[in-house]
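S.K.: structural data only, the sequence is not supplied:
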């Protein structure tokens, strides 16, 4: 969310940014917002004038009563009464305009970083760099759920009976591998100096609207019926929400946290749910990282964070690449974003496994996350987030890139980094 004064002072820049994001339908919001804000300021100015006048007149009434000038005092009381009605109407108008201004303010996109490539949608995202040699197996790799089935590791049929489409049971060594990946990711981030956290898995509506756009909320969040609570779609939501309406001393920055949580998503929209696969499901687990820092340090942290994801995936023998999201693919709150994509030998293409984002001060402004500088002045922090790992997508990449076949059985090599989390196992051999 942009500062209202910035929008009023830079309407052309804000409109140009909207055009870069190919969201021309939002262009009229800028002028509408400026007009409403002026109306709100005018109402506030008149209300302040009436409040000041009320205090003066009240003193005058006391003086007149003391002088025995009752008729004049009564006339003054009548004036106060009339102005009180006007003041009440103005205060109601101020409150109404405040809601309307904030509603529009939250719909206007954040200013993207000048380094972000201009593009209409994700088809125009730009590859930054590839890491690791893409594997080219000499056998046909099964579909990822079929790989799991060869190890007796998945049961979607039972999950369908229990919860419906978009759910699954993980079983045996595959379930253990899933947990091993999360445990390794947790320790990996702790070794990077991040504080481990398990957050609430439900958050209130004011936190939801503080961390994401209305469009994202509608497409992702499950609401708890009859309560002001939503199931989180990622632990970033509750982790950033942890600092709502707080003031942090500058000397304590940066705040670096890594969090585990289950995640719940509608997956509403164009992608839908793959019938057989588990690329997009309603429930999964995730290790996340967030940073709250000084504005001048946020881009340095952005580059550190995506590089951590690359390092982690390479330590598990998974080739990856980074892809810069173009303007049209950026959510409204984001300043800059990289997707980290893993290589799929089965599909012979990359697919998204992590998303690293710098949101500038947008979330901080919505949630009131402030910093007190050495000079005592307060300013808004910058917030960033990135996926560490999100099984089952991470699991898909791990399975496909570490699988071998001898003509009869499949063998899954356990990367060295995970072996201690798998009871010392170095490989898993298929049972069918």
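M.R.: That came in fine, so what should we check first? Small disclaimer: the values here were computed from a predicted structure and weren't measured.

S.K.: sketch out the low-pLDDT regions of the protein for me.
M.R.: Scanning the chain for pLDDT under 70 picks out the ranges 55, 57-68, 70, 73-74, 76, 214, 268-276.

S.K.: switch the cut-off to 90
M.R.: 1, 46-89, 135-136, 160, 164-167, 212-221, 265-282, 391-393, 431-432 (pLDDT under 90).

S.K.: list the buried ones in the biggest helix by length in it?
M.R.: For the chain, the longest helix by residue count, based on DSSP state H, is helix 27-66. Of the residues in helix 27-66, 29-30, 33-34, 36-37, 40, 43-44, 47, 50, 61, 64 count as buried by neighbour count, 16 or more other CB atoms under 10 Å. For every residue, glycine as well, the C-beta is placed using N, CA and C.

S.K.: now for it, which elements pack on it?
M.R.: helix 4-9, helix 11-20, helix 70-105 (3 or more CB pairs under 8 Å, 6 or more residues apart in numbering; DSSP states H and E).

S.K.: and the last one with helix 27-66, angle?
M.R.: Looking back up the chat, that one is helix 70-105. 160 degrees (axes from the mean of the first three to the mean of the last three CA atoms, to 10 degrees).

S.K.: pull out the buried residues from helix 70-105.
M.R.: For helix 70-105, using 16+ other CB under 10 Å, the buried residues are 73, 76, 80, 83, 87, 90, 93-94, 97, 100-101, 104-105.

S.K.: next: the second one.
M.R.: By 16+ other CB under 10 Å, the buried positions in helix 11-20 come out as 14, 15, 17, 18, 20.

S.K.: can I get those residues in CSV including distance to residue 147?
M.R.: Shown next, in CSV, are those (distance: CB to CB, whole Å):
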residue, distance to residue 147
14, 49
15, 50
17, 44
18, 45
20, 42
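
S.K.: residue 262 - that's part of a strand, no?
M.R.: Yes. According to DSSP: H, G, I helix; E, B strand; the rest coil, residue 262 belongs to a strand.

S.K.: what's the distance between it and residue 393?
M.R.: Going from residue 262 to residue 393 by CB to CB, to the nearest Å gives 15 Å.

S.K.: so these two - more neighbours on which side?
M.R.: Taking other CB atoms under 10 Å, residue 262 and residue 393 do not tie; residue 393 has more neighbours (22 against 12).

S.K.: once you drop chain neighbours, what's closest to the more buried one?
M.R.: residue 353 (5.0 Å; CB to CB, 6 or more residues apart in numbering).

S.K.: same question for residue 421.
M.R.: Once flanking residues are discounted, residue 421 sits nearest to residue 180: 3.6 Å by CB to CB, 6+ apart.

S.K.: now for the one you found, how many residues are close by?
M.R.: 24.

S.K.: again, but for residue 361
M.R.: Residue 361: 21 neighbours (other CB under 10 Å).

S.K.: correct me if wrong: it contacts residue 371.
M.R.: No. Proximity of residue 361 to residue 371 does not meet the contact threshold set by CB atoms under 8 Å, at 10.2 Å.

S.K.: which residues do those two both contact?
M.R.: By CB atoms under 8 Å, 6 or more residues apart in numbering, residue 361 and residue 371 have these common neighbours: 380, 381.

S.K.: report the separation between residue 197 and residue 362.
M.R.: In terms of CB to CB, residue 197 sits 22 Å off from residue 362.

S.K.: do the same with residue 150
M.R.: Residue 150 is 46 Å from residue 362, by CB to CB.

S.K.: neighbour count winner among those two?
M.R.: residue 362 (26 against 21).

S.K.: surely residue 429 is in contact with residue 410?
M.R.: Yes. With contact defined as CB under 8 Å, residue 429 counts as touching residue 410 (7.5 Å).

S.K.: more neighbours: those two, which one.
M.R.: Taking neighbours as other CB under 10 Å, residue 429 and residue 410 compare with residue 410 leading, 21 against 12.

S.K.: got a list of what the more buried one touches?
M.R.: Contacts of residue 410 (CB under 8 Å, 6+ apart): 142, 147, 150, 151, 403, 404, 429, 430.

S.K.: which of those count as buried?
M.R.: Buried among the contacts of residue 410 by 16+ other CB under 10 Å: 142, 147, 150, 151, 403, 430.

S.K.: ok, these vs residue 296, which is closest?
M.R.: residue 403 (45.4 Å; CB to CB).

S.K.: what's the spacing between that closest one and residue 23?
M.R.: Residue 403 is 43 Å from residue 23, by CB to CB.
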